[in-house]
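Student: no letters, just coordinates:
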C-alpha cells in the first residue's frame, strides 16, 4: 500500500469481503481507495440524478439508480425534474446504443426554429432499460422507489471499481420494516471487449427462511422517442427480449435480450411472464419472474445476461443480440468479468493517467491534491467509457462501423442535449485523451469523415441564410452544422450558416492534433486533409471583403460566447479562420500539394478586433463594456491557436471579470492553461484549475455538472446537463496543456513546464508524439523527458523516422532547440509560480489558507493570495463576519505595508490582525480593543471605493482595475504564526439580505527587507 495522506481522516471499511484503506474525500460519506481505484459512497440518496452513475462500453450505455441497477425517475427538486435544451423532457435514467438516432419534426427548444420547414431534427432514442433485477418480499418490492426506511443506512455502500468498470451495491433490506432482513449485493458491468454483452449479478442472504420473487425487467419507459418493433418470452429458454426502432426510422431496429441464470435455490419451474403494466407503461416493456427459496444464512445468486444490437452496425441484429445473451449465460459472470477487466486494464493502466504522488510514494498533505488525483483517474475513465477499442472492433468481426460514432455531451447514459455531437467532442473531450489514448479518440475523427459527404451537400443550404448570394459558394467546400446526429445536415438546432462557424475550424484543429500524436501521415493525407481543405475552401468564400478597410471580415456569426449572437468580425472565430487557412496551406506543402493563393491572400487581409486603449482583443467589433460572457471565448485564442497575441495577459484579466457565473463547467480549465502559459508571476493557474473542477464535481461519483449550481432558479434558468463530459474533458486538459504547457506541433515536441508551488511533483500521463510514447515528470524546478520502451509504447502508426532519429524539442518562446535521444533529457522549468507579483509580499501562494465561513463556488480563499487580481475569494453572505486566515508556519516577518485589492465589491468594514492562535471568533468592533491574544494591525469602517461604479461609463471598455485600499504602517509590525483578514458586509448591496459578501482579489503583506525571524521549536 502507498503511504496514507497525512492530515486527512482515513477509515478502514470492509466491502465485498476485503479490507480497503480509503481516503475520506470532501464529500460526506464518500471514500477513495487509490491503490485499487475504488470510489465508494455510504450515503443512500435515491431519486437524484447526481447520485446515479452511467456505465458504457462505447456501444451500449446505461444509467442506473442509487439503490441498484434499476430504472428511476427523478424526484422533483424545487418543482423541477426536467432535462435541459432542446428536449426539455422528464429527467430519468436512460439507456441507448451508439448512433441510435431517430427523427422528428422539431424539438421543444431550438436555435432557429424557422429552419424546421427545411427538414426535421435527429435526436437520440432510448432502448428499454435492461439492467433491472427487482426483488419482491413480504409484499414489498426492491426497486428504485423502495422505501428508504427499509434500507439499512449503516450497511449501505455502493462502489465504482474504476480500474475494472464494475459498479456494485451492498446493503441490508428489511421489507415492510419488520421481520426478515435480506442482505443484498448487486454488481454489474457493460462488457468492454464484447460490446454486445452486459451482465448483472444479484446475491441475496436472508436472516430466516423465506420465499422471494425476482423480476428480470426490460423497462420500456426508458425507450423514449422510439417505435415499438416487437417483444417475446422464450418458452424453452429463460430469456425475454424487446425490440424498438428510433422514431420515424423504419430500417433500423435495436434488440435487447435478457437471459436469467442462477443456483439451485432458484425454482425455474415457477418462471412466468409478468403481467403487462407491472413494470413500465411503454409497450416495449416486458418482464419475467422466478421464485427463490432463501435459506437462512445461505447466499443465493441470480444473474442476468444481456445481449444488445442495432441494425445500424449489425445487419442481423436480432441474432447477434440473442447470441450475446445466451453466450454470456453459458460462460457465466466470472468468466465474462475476467475478459472485461483485462480489456479495461489495457485501456486505462496507471501510466495513462497523471500522478501527483511524491517520489517517496505519498501524496502531498493537501486535500485539493487528493481531489486532483481522484479526477486524474475518473475524468478519463468517464470519457473513455464512450469509446470502442481496437480489440473490441476485432472481436466483433472487424466491425469498423463501431468506431464511427463521436461522443455526445453526456455520453451514452444520458439524453442530455438530445445526444447531439457538438464542438465539445473535438475541443474539450478529445485533446487531453488524444495525447494519451490517440487510438480511442480516432472515432471522433471517423464520425466527421462519415458525415463529410453531407457536409459538402450542406453548402447548398446557404439560401436559407444571410449568405444567400448567387455564386458566392462554389463546389469544393464543406460546412458542418452546429449540432449533428444521424445525418449531419443543417437543422434548427444545428444551423450551418449565420451561427457558430467555428465548429468547422474546431474539427480542423482536432484533425491536426490527431496527426501530431499518432504520426499517421497516410491516414491524415487520405482521410483528414481533404476535409480540412474543403473547410478552408468554405471559409475563404464565407468571408466578406470590406472595401473601406481593405480587409476580409466575417459577418452575422456567433462566437463560443452564445450570450451574443449574430454579430460581425468576431475575435476567436476570425483568428481561427485565419489560422485554419494558413495551417492548411502549410500542411498541403508538407504533403507535396500546391499552396492555395486565394487562402493565403485572404488570411493576410484579416485582423481580429481589438481595443488598443484597453489593450484587449474584442469578442466582436461592436462590443462594449457591459458584456457578460457565457463561456471561454477570446482566451481560446491563446489556448488553442498559434497566434501571437500582444494582449494575452490583459485579455485574461479583463474576461475573467466579465465571466458569467451561470456559464458551463469547462471555461476555467482554459483560464488555468492560459494563466500558466502567460502569467509572469503567481499561481493563479492553480486557482483556476480548482475552479474548473471542484465547484462542478458532484457527490458521490465525481461526475461533473454543467453548472455551478444545479437549481434551475439559482443558475440563470438552466437545467444542467449531467454527467457533463465536456467539463471533465476540460479539466483533463489542464495538467498536460497547462502545467507542462504542451503545444501540439507536427514537426517538434513543444513544452514549457511550470508547476505552481502547491504541486511539488507531477508524473504526467503517457504522452504520444508522432506515435512514440514518452514519460515526462516535473518537480518544482526541473522536468525530465524519457522515451518509453518501443515494444510497449509505440503505436502501429508511429512515424518511423524517430525510431532512429532523436525527437526535436522546443521550449515555448525560449530560444533554441533540444533533442530527445534514447537517454533522458532534463530541462529547467519556468519558475513563474515562485516569482512575486508584488515585491516583498510574504503571502503569495502560501499553501495553508482557510476561510471561517462558506464562500461562493469557485471563489476559494487561496485566490486572494495567488498573485493575480483576476481570481477572488468571496464569502457566500455579506451579513456575517468572514475571516481569511493564513498559516505562515515558523517564520515571522516585520510588515511595513498592507495592500488590498477588493475587485468590484469592497466590504463595508475590514481588519487585518496577526496572532499565534487560529481562533476566528472576532468582529471588527471587538478588534478595536487590541485583545492581548492578537495584534490588530489596521481596521476601517466604511471602506471607500477607489473605482466606484459609474452608470454613465458602464459601456466603456476599460482595463480591469479593482477597488484598492493600501495601508502604510507608521512602524513595522511583526507577523505571527497566523495572519488574518476580516471582512464584513458588501458595499454594493448593504440593504440586500441575500447578497454575497465582499470580494478579495488580492491581499499582500509587504515585509521590511531582510531575513525572517524563525520561531523556536
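Tutor: It's in. All values derive from a computational prediction rather than experimental measurement. Numbers count the residues shown, from 1 in each chain.
Student: okay, CA-based contacts and neighbour counts for the rest of this
Tutor: Noted.
Student: mind checking the SS state of the residue positioned nearest the centre of the chain?
Tutor: With distances taken as C-alpha atoms, centre = their mean, residue 728 lies nearest the centre of the chain, 1.4 Å away. Recorded secondary structure, residue 728: helix (DSSP: H, G, I helix; E, B strand; the rest coil).
Student: I'd say it and residue 379 touch.
Tutor: Yes. If you go by C-alpha atoms under 8 Å, residue 728 and residue 379 touch, sitting 5.2 Å apart.
Student: and for those two, which residues touch both?
Tutor: Taking C-alpha atoms under 8 Å, 6 or more residues apart in numbering as the contact rule, residue 728 and residue 379 both touch residue 703.
Student: ok, and what's touching stretch 619-628?
Tutor: 559, 563, 567-572, 609-610, 633-634, 658-660, 954-958.
Student: is it possible to mark the buried ones in those?
Tutor: For those, a burial check counting by 16 or more other C-alpha atoms under 10 Å picks out 559, 567-572, 609-610, 633-634, 658-660, 957-958.
Student: okay, and which of these map to helices?
Tutor: 571, 572, 658 (DSSP state H).
Student: can I assume the last one is in contact with residue 633?
Tutor: Same thing as residue 658. No. Using C-alpha under 8 Å, residue 658 is not in contact with residue 633; the gap is 11.2 Å.
Student: do you know how far the residue nearest to the centre of the chain is from residue 894?
Tutor: 44 Å (C-alpha to C-alpha, to the nearest Å).
Student: again with residue 257
Tutor: In this structure, residue 257 and residue 894 are 75 Å apart, going by C-alpha to C-alpha.
Student: neighbour count winner among the two?
Tutor: More neighbours surround residue 257 than the other of residue 257 and residue 894, with 30 against 20 (other C-alpha atoms under 10 Å).
Student: beta partners for that one?
Tutor: Taking DSSP bridges as the rule, residue 257 bridges to residue 241, residue 307.
Student: now do the strands in the stretch 751-900 of the chain.
Tutor: Under the criterion DSSP state E, counting those that start in this stretch, the stretch 751-900 of the chain contains strands at 761-763, 767-769, 772-779, 782-787, 807-810, 818-820, 825-828, 849-851, 882-887, 891-892, 894-903.
Student: excluding its backbone neighbours, what's nearest residue 731?
Tutor: Nearest non-adjacent residue to residue 731, counting by C-alpha to C-alpha, 6 or more residues apart in numbering: residue 669, 5.5 Å away.
Student: can you list contacts of whatever helix or strand the one you found lives in?
Tutor: Applying DSSP states H and E as the criterion places residue 669 in helix 667-678. Contacting residues not belonging to helix 667-678 are listed as 631-632, 635-636, 638-639, 648-649, 652, 683-689, 691-693, 730-731, 733-734, 737-739, 741, 752, 754 [C-alpha under 8 Å, 6+ apart].
Student: got the angle for the following helix or strand past that helix vs helix 667-678?
Tutor: Sequence order places helix 684-691 as the next helix or strand after helix 667-678, per DSSP H and E. For helix 684-691 against helix 667-678, the angle by axes from the mean of the first three to the mean of the last three C-alpha atoms, to 10 degrees is 170 degrees.
Student: helix 684-691 - contacts with which helices or strands?
Tutor: With contacts taken as 3 or more C-alpha pairs under 8 Å, 6 or more residues apart in numbering; DSSP states H and E, helix 684-691 sits against helix 667-678.
Student: got the buried residues for the helix it packs on?
Tutor: 667, 668, 669, 670, 671, 672, 673, 674, 675, 676, 677.
Student: one more: stretch 59-70?
Tutor: For stretch 59-70, the neighbour count (16+ other C-alpha under 10 Å) marks 59, 60, 61, 62, 63, 64, 65, 66, 67, 68, 69, 70 as buried.
Student: now distance to residue 943 too, for the residues you listed, in CSV please.
Tutor: Converted to CSV, the buried residues of stretch 59-70 look like this (distance: C-alpha to C-alpha, whole Å):
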residue, distance to residue 943
59, 60
60, 59
61, 56
62, 55
63, 52
64, 53
65, 51
66, 50
67, 53
68, 55
69, 57
70, 57
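Student: from those residues, which ones fall inside strands?
Tutor: Under the assignment DSSP state E, the buried residues of stretch 59-70 contribute 60, 61, 62, 63, 64 to strands.
Student: low-confidence ranges, this structure, go.
Tutor: Scanning the chain for pLDDT under 70 picks out the ranges 1-21, 919-933, 1010-1017.
Student: domain ranges for it, per the record?
Tutor: Residue ranges for the domains of the chain, per the TED database: 44-101+125-348, 369-743, 761-834, 849-1014.
Student: distance between the first one and the chain's centre?
Tutor: It stands for domain 44-101+125-348. Centroid displacement of domain 44-101+125-348 relative to its chain, using C-alpha atoms, centre = their mean, to the nearest Å, is 27 Å.
Student: with stretch 445-452 instead?
Tutor: 23 Å.
Student: same question, stretch 462-478
Tutor: On C-alpha atoms, centre = their mean, the centre of stretch 462-478 falls 36 Å from that of its chain.
Student: mind listing residues that contact that stretch?
Tutor: Under the contact criterion C-alpha under 8 Å, 6+ apart, stretch 462-478 has outside partners 115, 452, 455-459, 497-498, 531, 533-538, 541-542, 556.
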